[in-house]
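Peer 1: build me a model:
(one chain, ligands or ions: 1)
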Amino acid sequence: MTTPPDAAARRAARPVICYPTETLPTPDMALYARARTDLRKIGETLVPPRDARAFRVPAGHFFRIGCVDGPQVGDLNLWNAHDLSERFFSGKTRALHGTHLGMGHRMWSTFPHLRPMATLTHDSLEWYGFDDDGAGVHDVIGTRCDPYTNALLSGGQYHHCCHSNLIRALAAETGQSLAEAEPHIHDVLNVFMCTGFTRDTHQYFMKASPVRPGDYLEFFAEIDLIGALSACPGGDCGAQHSSDAATCHPLLVEVFAPAPGALDGWMAPQPNRYDRTHGS
Ligand SMILES: [Zn+2]
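Peer 2: Sure, this is the predicted structure:
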């Protein structure tokens, strides 16, 4: 390895934020805060440990993912309920908001839509911030535990990875076969998972989730949604995943309707304004 004589100067270039968010349309958090003070629960779905369930949330409603029994990480997928090709875009959400999501951040959808699907309106783990290892909760770094990477690294057949759990849940909700459902499964929001990058090798790491029973993450649905949530076989992800070793717990999804008139002034986000001519 040869280091050029001007290495220090090259390394001293100033970091520039790739996507400054000053011009992002900002959610009306005051409106959401008022609306969430008077909510009526209209449904709930209990996600069994090491399995997944799908659920639907109408636009203009809130949904919560709650820890009800013990520390547990959840892998969340979201789709436009009327068009599964519009789905959560983890990579662009990361580029816009950073590695971990918090209050006021949005879950953005794939091209050509690129609009907010859901807005984070409450996080009982907001206090966690970033710890001394550089870890935070609710990351959009990881992909989802899956049987292919597991086979690659360990050679085993493990079927209750989040990827397979999400396939079964989406298939059950939509009537699709497993083969039809699989291409719709996408990189997740890692709900309650505590993760970061190691300082020396910059590898993705996890540590035991700080979530406890009573904690929840709440979203406002900006469009009609189908969601699927997997209670990861890693449990609190403090040791390992893709095995039956970890203690696992259920997660509870609850859907709430705001009071009539509470959302006056709110409009569902429109599809992206780019004209899609791509220079032709
Ligand atoms: Zn998982």
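
Peer 1: OK, contacts around Thr227?
Peer 2: Careful, residue 227 is Gly; it's not Thr. Residues in contact with Gly227 (CB atoms under 8 Å, 6 or more residues apart in numbering) are Ala54, Phe55, Arg56, Val57, Phe63, Leu76, Asn77, Leu78, Trp79, Val253. In this view, the C-beta of every residue, glycine as well, is placed from N, C-alpha and C.

Peer 1: oh, I was asking about Ile226
Peer 2: Ile226 sits next to Ala54, Phe55, Arg56, Leu78, Trp79, Asn80, Ala81, Leu84, Leu170, Glu173, Thr174 when contact means CB under 8 Å, 6+ apart.

Peer 1: mind checking the SS state of it?
Peer 2: strand (DSSP: H, G, I helix; E, B strand; the rest coil).

Peer 1: between the contacts of Ile226, which is nearest Tyr216?
Peer 2: Proximity of the contacts of Ile226 to Tyr216 was ranked by CB to CB; the top entry is Phe55 with 14.5 Å.

Peer 1: so how many other residues sit close to the nearest residue to Phe205 once chain neighbours are set aside?
Peer 2: Take Phe205 and drop its neighbours on the chain: the residue closest to it by CB to CB, 6 or more residues apart in numbering is Thr198, 5.4 Å away. Using other CB atoms under 10 Å, Thr198 has 11 other residues around it.

Peer 1: so the residue nearest in space to the middle of the chain versus Ala239, what's the distance?
Peer 2: With distances taken as CA atoms, centre = their mean, Leu189 lies nearest the centre of the chain, 1.8 Å away. Applying CB to CB, to the nearest Å, the value for Leu189 to Ala239 is 22 Å.

Peer 1: quick revisit: partner residues bridging the residue nearest to the centre of the chain?
Peer 2: With beta bridges defined as DSSP bridges, Leu189 has these partners: Leu76.

Peer 1: distance of it from Ser177?
Peer 2: On the measure of CB to CB, Leu189 and Ser177 end up 26 Å apart.

Peer 1: any idea which element the residue in the stretch 1-150 of the chain positioned nearest to the ion lies in?
Peer 2: Taking CB to the ion, the ion has its nearest neighbour within the stretch 1-150 of the chain at Cys145, 3.4 Å off. Cys145 is part of no helix or strand when elements are defined by DSSP states H and E.

Peer 1: what sits against it?
Peer 2: So Cys145 contacts Asp75, Cys161, Cys162, His163, Cys232, Pro233, Gly234, His241, Ser242 (CB under 8 Å, 6+ apart).

Peer 1: what pLDDT does it get?
Peer 2: pLDDT for Cys145: 94.

Peer 1: the stretch 1-150 of the chain against the ion: which residues are in contact?
Peer 2: With CB under 5 Å from the ion as the criterion, the stretch 1-150 of the chain comes near the ion at residues Cys145.
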